[in-house]
Structure formats: C-alpha cells, structure tokens
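K.L.:
this one's structure only:
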C-alpha cells in the first residue's frame with residue numbers, strides 16, 4: 001500500500017482544527033485513520049480546550065441552558081457530519097437563521113466545514129428557530145443537536 005502523506009497531514013490538520021481525537025476516511029478499498037491523544041491502555045488522554053487564536057481577546061462563555069430537552073424533540077436539527085459549524089457564510093455576514101427567525105423547509109440554517117468543503121445544512125421543516133445550540137466556529141460531531149425549529 002502506498003502511503004499518502006499529504007492526505008495524512010490534511011487529516012491531522014483537520015483533527016487540530018476541530019478538536020477531534022480521531023478521523024477515518026475511506027475511498028474504495030483504501031482507508032486512512034488518523035488518531036491522536038491515545039495512551040497505552042487505549043483510553044483518551046485529557047483533551048486541551050480549544051483556545052482562541054488570540055488569547056488576549058476575551059471570550060464569552062456559553063452558560064445558557066437549553067430551553068427544552070432536544071434529544072427527542074421533532075424539530076431538532078442534528079449534525080449529519082463531523083466538522084466545524086458556522087452560523088453565517090462569512091464572518092461579517094448576518095446569521096442564516098438566528099434564534100427567533102422564521103424559516104421554511106429547505107432554507108439554509110448553517111454550514112458545516114468538513115475537509116475544506118462548506119456543506120449547507122437545510123431546514124427539514126418550516127417554523128421558528130427557538131434554540132441555537134452551537135457557537136459560531138464550534139467543532140461538531142455526527143448527531144450533535146444544533147438547532148430546534150418549532
């Protein structure tokens with residue numbers, strides 16, 4: 001098997017950008033898995049919290065609790081992939097769907113960047129965005145609750 005060091009470096013960079021400990025990519029019969037932070041017995045090493053690029057800039061903590069339990073709510077929008085969630089198409093642009101906004105089925109709610117590709121996440125139903133459960137630029141995992149539409 002030929003080792004694709006460029007792909008391994010890109011995956012390692014993605015791990016660092018998202019704060020994940022492991023990522024696996026398969027194409028045909030070839031598979032690459034990049035893993036970090038594992039210790040001898042297979043347990044994860046303590047993770048270091050993501051730090052802003054400029055540590056002198058104050059960061060707001062997200063201490064707000066969700067308004068309702070989202071795991072079984074029919075309007076919960078979950079992440080279909082691992083990546084970084086963004087609430088707007090670019091830093092200076094308004095959010096796609098802020099809390100309290102009205103959305104229609106098929107409207108873009110947010111984007112998730114995965115492997116340098118921007119993936120729009122669309123509303124599965126119309127209604128009012130009652131909860132936004134992620135911070136702009138936050139790493140997300142498959143299945144994470146991102147928003148609630150009622």
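P.N.:
Yes, it's here. The structure presented is a predicted model; accordingly, all values stated were derived computationally and were not measured.
K.L.:
do you have the strands of the chain handy? List them.
P.N.:
Using DSSP state E, the strands of the chain run over 22-27, 30-35, 76-78, 83-86, 102-103, 108-114, 117-122, 127-132, 138-140, 145-149.
K.L.:
can you tell me which residues contact the nearest residue to residue 115 once chain neighbours are set aside?
P.N.:
Nearest non-adjacent residue to residue 115, counting by CB to CB, 6 or more residues apart in numbering: residue 14, 6.5 Å away. Heads up, the C-betas are built off the backbone N, CA and C, glycines and all. Counting by CB atoms under 8 Å, 6 or more residues apart in numbering, residue 14 touches 20, 23, 114, 115.
K.L.:
residue 127 is in contact with residue 102, correct?
P.N.:
Yes: counting by CB atoms under 8 Å, residue 127 is a contact partner of residue 102 at 7.4 Å.
K.L.:
quick one, which of the two is more surrounded?
P.N.:
residue 127 (15 against 11; other CB atoms under 10 Å).
K.L.:
quick check, the more buried one in contact with residue 149.
P.N.:
Yes: counting by CB under 8 Å, residue 127 does reach residue 149; the two are 4.4 Å apart.
K.L.:
what is the neighbour count of residue 126?
P.N.:
For residue 126, the tally of surrounding residues (other CB under 10 Å) stands at 12.
K.L.:
repeat that for the one 5 residues further on.
P.N.:
The number of residues packed near residue 131 is 20, by other CB under 10 Å.
K.L.:
that one reaches residue 98, doesn't it?
P.N.:
No: contact criterion CB under 8 Å: residue 131 and residue 98 do not qualify, at 11.2 Å.
K.L.:
against residue 21, how distant is residue 12?
P.N.:
With distances taken as CB to CB, to the nearest Å, residue 12 is found 12 Å from residue 21.
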